[in-house]
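**Student:** Would you be able to build a 3D model of this:
(2 chains, ligands or ions: 1)
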Amino acid sequence: MTREEIVDAIKDIIRTIAPDEELSGLKSDVRLREQIALDSMDFLDIVMELRKRYGVQVPEEDYKELATLDGCVAYLHPRLKDRPAKVGV
Amino acid sequence: MSAPRYDAIVLGAGMSGLSAAIRLAQFDRRVLLVERHSLPGGLNSWYKRAGRRFDTGLHALTNYVPRGTSGTPLAKILRQLRIPYEALQLAPQRRSEVVFPAERLSFSNDIGLLESEVARAFPASREGFARLIECVRSANPFDAQAPFASARARLLEFTLDPELVEMLLLPLLWYGSALAEDLAWDDFVILFRSLYLEGFARPEGGVKTLLDLLVARAKESGAQLRMNCPVRRIVVEGGAARGIELESGETLACDQVYSSAGWVETRALAGAPAPQEDRGWVTIFETLCVTRTPHRARGHDAAITFFSQVERPRWREPAELVGFESGVLCCSDNYQTREEPAEGLLRATLLANHDRWSELPEQEYAAHKRAAAASLEELSARFVPDPRPQTLFRDGFTPRTIRRYTAHAGGAVYGSPLRHRDGLSGIANLFLVGNDQGLVGVIGTLLSGITMANLHGLYAQHT
Ligand SMILES: Cc1cc2nc3c(=O)[nH]c(=O)nc-3n(C[C@H](O)[C@H](O)[C@H](O)COP(=O)(O)OP(=O)(O)OC[C@H]3O[C@@H](n4cnc5c(N)ncnc54)[C@H](O)[C@@H]3O)c2cc1C
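**Tutor:** The predicted model follows:
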């Protein structure tokens, strides 16, 4: 997966969990939770969807790495770069 | 038994069983949901009679918030179950009311109405009520470590008129207290938000709209549903649940069992009965009456009227078949539906005594049921337009009916007064969901299934 595909994958997961949130103007360097209403249950769902869709395990101590879209890409790209993108499972 | 075929078996396709099954299946657990009836819903199901569809229970869905609100119980449930807000087709209430011998208070899905009503009827309590609202807004009622605090005791701090306290408590007790006379402060906070800060709505199409969505989500997520499938026992070996045995004699193995049958009922199914006194006591007598004209056309626009005939209504099991001190009158046609209702529907509810109904000789049961229904209709006519001259169809049920259809001991609608917040049953791999786990009502039990599936099935096994 490319960096762009990872951003799309994250947005797609957020869209599944929180369909009412507006995602088009998301800034990549600002914490997601400051831009859209995501509570801790939603955040855990993002982690579980990542595992379900792409087989990535994010241990609890790494959750903080996923706070921004940039953070998600930096954390996930090394783990997903050899995988094909698949969106909307 | 053979090797595990399911990661989880969920017992009961009521609100909590459905939501637990959806959560587990959504994250690829192999889930089997078993239900003894042909229809889902449990205490809140539906049936057809006289060419109409009736909800078995639903007066109101609590916790109404408009679309786009996040962080409230309803919003959390929709997100966790991946159900779009519009799909519920919520019709908000017009208003509701609490009627006592000397005073009445209106409330709606805008807390401003209740604030102005309190200011009008109890001017000296105005400031205390504002402080109470602030306190309820900022409280954290979900601290599992917090010791029990009585709501009645905490309410003294706000120096409210004692009659106002009774009037505020009545709807909260009716919609959520399995305790006698009181409720826990945390439950008070949760219920105050659910009823007064958020409010009431009804899905257009009634509870079936919600149940259809839940069943569809369960199937889409990959859960297997088996209806008409009563469970005879939960198989426990070496102190841990290993599976279930059906009435048919078939046994099914699994790693975890989630039971929505109730605390007392689940322990009995697992061969480790709980003490008799753990049984819940809140059970009801309810009548339904279809009237020719909708209530609004007869000058009545309240969706729900909580009434008391006495200054301080008791909240405990009545000594007689039914208790007439307080009750709930629900005009199901007083929600703001897109289509104007063609008829009225009045649901009238009183507290009842399960054992008294059960002890009645068979030949006297029907006569007592008719007599109680007649008294209840007469009583209703003091608070809402008289249903009697307008009746097209009537039906009713007693605690016996509830026990027969839901298998809840004592026909209890809110489960045991003992809560099992952690969902632990005392038997490994066997977890409680629903009324007896924590919160009651449709929203409370949907949330229960979700949080228990998350805690014991998803988060625990995630890392
Ligand atoms: C008349 C009435 C009106 C109500 N009105 C409202 C309202 O307006 N608003 C509101 O929010 N709440 C209302 N409630 C409360 C609400 O219905 C309950 O709190 C909630 O539905 C309980 O859900 P549950 O999942 O805990 O249990 P249940 O609904 O009881 O589900 C348990 C399921 O397990 C099944 N089961 C049990 N034993 C077995 C077995 N051995 N084998 C197979 N299946 C089994 C049962 O058949 C049932 O389907 C009302 C309740 C009643 C009775």
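**Student:** Now B:Ile111. Nearest residue, chain neighbours left out?
**Tutor:** Counting by C-beta to C-beta, 6 or more residues apart in numbering or on different chains, B:Leu197 is the residue found nearest to B:Ile111 once chain neighbours are left out, at 5.6 Å. From N, CA and C alone the C-beta is placed, and that goes for glycine too.
**Student:** And the residue in chain A positioned nearest to chain B, how close does it get to B:Thr69?
**Tutor:** Nearest residue of chain A to chain B, counting by C-beta to the nearest C-beta: A:Ala37, 3.7 Å away. Distance of A:Ala37 to B:Thr69, given as C-beta to C-beta, to the nearest Å: 9 Å.
**Student:** circling back to that earlier point, so the residue of chain A closest to chain B belongs to a helix, correct?
**Tutor:** No - read with DSSP: H, G, I helix; E, B strand; the rest coil, A:Ala37 is coil and lies in no helix.
**Student:** returning to what we had before: B:Leu24 versus the residue nearest to B:Ile111, what's the distance?
**Tutor:** For B:Leu197, the distance to B:Leu24 equals 31 Å [C-beta to C-beta].
**Student:** B:Ser138 now?
**Tutor:** Distance of B:Ser138 to B:Leu24, given as C-beta to C-beta: 34 Å.
**Student:** Equivalent analysis for B:Val235, please.
**Tutor:** To B:Leu24, B:Val235 is 19 Å away according to C-beta to C-beta.
**Student:** Compare the two and say which one has the larger neighbour count.
**Tutor:** Neighbour totals were compared for B:Val235 and B:Leu24, and B:Leu24 leads with 30 against 20 (other C-beta atoms under 10 Å in any protein chain shown).
**Student:** who does the helix or strand the more buried one falls within touch, helix- and strand-wise?
**Tutor:** Using DSSP states H and E, B:Leu24 maps to helix B:15-26. When contacts are defined as 3 or more C-beta pairs under 8 Å, 6 or more residues apart in numbering or on different chains; DSSP states H and E, helix B:15-26 packs onto strand B:6-11, strand B:31-34, helix B:73-81, helix B:207-220, strand B:251-259, helix B:441-452.
**Student:** now these in TSV, with mean pLDDT and mean neighbour count?
**Tutor:** Shown next, in TSV, are those (pLDDT from 0 to 100; neighbours: other C-beta atoms under 10 Å in any protein chain shown):
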stretch	mean pLDDT	mean neighbour count
strand B:6-11	98	26
strand B:31-34	98	26
helix B:73-81	97	21
helix B:207-220	98	20
strand B:251-259	97	24
helix B:441-452	97	26
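**Student:** Which of the ones you listed sits closest to the ligand?
**Tutor:** Comparing those against the ligand with C-beta to the nearest ligand atom, the closest turns out to be helix B:441-452 (3.0 Å).
**Student:** From the chain's centroid, how far away is the closest one?
**Tutor:** 10 Å (C-alpha atoms, centre = their mean, to the nearest Å).
**Student:** can you list contacts of that helix?
**Tutor:** Contacting residues not belonging to helix B:441-452 are listed as B:14-23, B:44, B:58, B:61-63, B:73-74, B:76-77, B:80-81, B:175-176, B:190, B:194, B:207, B:210, B:258, B:260, B:423, B:431-435, B:437-439 [C-beta atoms under 8 Å, 6 or more residues apart in numbering or on different chains].
**Student:** Selecting buried members of those residues in PyMOL, what would you type?
**Tutor:** PyMOL command restricting the contacts of helix B:441-452 to the buried ones, with burial defined by 16 or more other C-beta atoms under 10 Å in any protein chain shown:
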select buried, chain B and resi 14+15+16+17+18+19+20+21+22+23+44+58+61+62+63+73+74+76+77+80+81+175+176+190+194+207+210+258+260+423+431+432+433+434+435+437+438+439
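**Student:** Contacts only, for the residue lying farthest from the centre of chain A.
**Tutor:** In chain A, counting by C-alpha atoms, centre = their mean, A:Asp82 sits farthest out from the average C-alpha position, at 17.4 Å. Contacts for A:Asp82 (C-beta under 8 Å, 6+ apart) come out as none.
**Student:** one more time with 10 Å
**Tutor:** Counting by C-beta atoms under 10 Å, 6 or more residues apart in numbering or on different chains, A:Asp82 touches A:Met1.
**Student:** I appreciate the help and will end here.
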